[in-house]
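Visitor: give me the fold of what follows.
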Amino acid sequence: MSSSRPVRVLLVEDDDLMRRSFTVALERYGYEMRAAADGLTGLELFRDEDFDLLILDVMLPGLDGIGLCRRVRETSLVPVLMMSARGDGLDVVAGLEAGADDYVVKPVDTYVLVARIRSLLRRATYAPVPGPERAAGEGPPSEGEVLVFGDLTIDTAGMEVSVSGSRVALTPTELKLLLEFAAHPGVVLERHTLLRDVWEYGWDGDSRVVDLCVQRLRRKLGRDRIETVRGFGYKLRR
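Guide: Residues are numbered from 1 along each chain as shown. Predicted structure coming up:
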């Protein structure tokens, strides 16, 4: 994302009033907005143009938001924020499993939406300075190190992760979560701590975003890499 141009956001929302109001509100915050009323049009826009962040409603005609998120994840790691009218329903879980980074429940205040957008963009632009290679367990890591945990290697300068020499593609949220675990190898991190430090929730958020992001990391890095400590949280095995 270049600092010389506005942040480009694609909003896919089928409700005309909500789509227009979100577009106008976010433009006032300086975002360059593109909008679509259905999933297939949103997919076409995504393929034809470059975006820094996507906001996808779950319930869309043609191609729903979950299907659209899956199609996006086939080729891109762009941050994705889902909007759901059913905050305690299966929509949230399905959206996060499809690769979304976070979600908000409608109706949502503009300041909450902007806060979630800013948090996602900070994760996407996180870039430590270069540093030396270091094996795991040699004290707290500093920015820019290459961290080694067995066959797992994390290059925090190049923002690259590999397992047994093969590069693994992670979304910005998955990468920041892994870096949080790597900063505390063998230490149990509680869900509310991860919500605060990775998702930047200033209040108790929905721990499902943590659980499902951990599941996605396990699928990509190996199921035994991150251990569940029942009743407490998760830890990265040394």
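
Visitor: what number of residues lie near R70?
Guide: For R70, the neighbour count with other C-beta atoms under 10 Å is 17. Where C-beta positions appear, they are placed from N, C-alpha and C, glycine not excepted.

Visitor: phi, psi of V58?
Guide: phi -70, psi -50 (degrees, to the nearest 10).

Visitor: what sits against it?
Guide: Residues near V58 by C-beta atoms under 8 Å, 6 or more residues apart in numbering: D64, G65, I66, M82, M83, S84, A85, R86, D91, A94, G95.

Visitor: out of those, which is nearest to D102?
Guide: Nearest to D102 among the contacts of V58 is M82, at 7.4 Å by C-beta to C-beta.

Visitor: any idea of the pLDDT on that closest one?
Guide: On pLDDT, M82 comes in at 94.

Visitor: what backbone torsions are found at it?
Guide: For M82, the backbone dihedrals (degrees, to the nearest 10) come out as phi -90, psi 150.

Visitor: partners of it in the sheet?
Guide: Using DSSP bridges, the bridge partners assigned to M82 are L56, Y103.

Visitor: tell me how far it lies from D211.
Guide: M82 sits 16 Å away from D211, going by C-beta to C-beta, to the nearest Å.

Visitor: of these two, which one has the most company?
Guide: A direct count of neighbours by other C-beta under 10 Å for M82 and D211 places M82 higher, at 26 against 15.

Visitor: which residues touch the more buried one?
Guide: With C-beta under 8 Å, 6+ apart, M82 has these contacts: 56-58, 65-66, 69, 91-92, 95-96, 100, 102-104.

Visitor: for R167, same thing?
Guide: By C-beta under 8 Å, 6+ apart, R167 lies in contact with E160, V161.

Visitor: mean confidence score for the helix or strand hosting it?
Guide: Using DSSP states H and E, the element containing R167 is strand 166-168. Confidence for strand 166-168, expressed as mean pLDDT, is 93.

Visitor: same thing with stretch 22-30?
Guide: Averaged across stretch 22-30, pLDDT comes to 95.

Visitor: ok, A85 - contacts?
Guide: Contacts for A85 (C-beta under 8 Å, 6+ apart) come out as V58, M59, D91, V105, K106.

Visitor: tell me how far it lies from H184.
Guide: From A85 across to H184, the span is 37 Å (C-beta to C-beta).

Visitor: domain ranges for this protein, per the record?
Guide: The chain breaks down into these domains under automatic domain parsing: 8-124, 133-236.

Visitor: for the longest one, measure first residue to last.
Guide: In other words, domain 8-124. Domain 8-124 has an end-to-end distance of 13 Å (criterion: C-alpha to C-alpha, to the nearest Å).

Visitor: restricting to C-alpha, output stretch 210-222 in PDB.
Guide: What follows is stretch 210-222, C-alpha atoms only, in PDB (Å, rounded to 0.1, in the frame of the first residue of the first chain):
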ATOM      1  CA  VAL A 210      -8.900 -16.200  17.700                       C
ATOM      2  CA  ASP A 211     -10.000 -19.800  17.600                       C
ATOM      3  CA  LEU A 212     -10.700 -19.900  13.900                       C
ATOM      4  CA  CYS A 213      -7.500 -18.000  13.000                       C
ATOM      5  CA  VAL A 214      -5.600 -20.500  15.000                       C
ATOM      6  CA  GLN A 215      -7.300 -23.300  13.100                       C
ATOM      7  CA  ARG A 216      -6.300 -21.700   9.800                       C
ATOM      8  CA  LEU A 217      -2.700 -21.400  11.000                       C
ATOM      9  CA  ARG A 218      -2.700 -25.100  12.000                       C
ATOM     10  CA  ARG A 219      -3.900 -26.100   8.500                       C
ATOM     11  CA  LYS A 220      -1.000 -24.100   7.000                       C
ATOM     12  CA  LEU A 221       1.800 -24.800   9.500                       C
ATOM     13  CA  GLY A 222       0.900 -28.300  10.900                       C
END
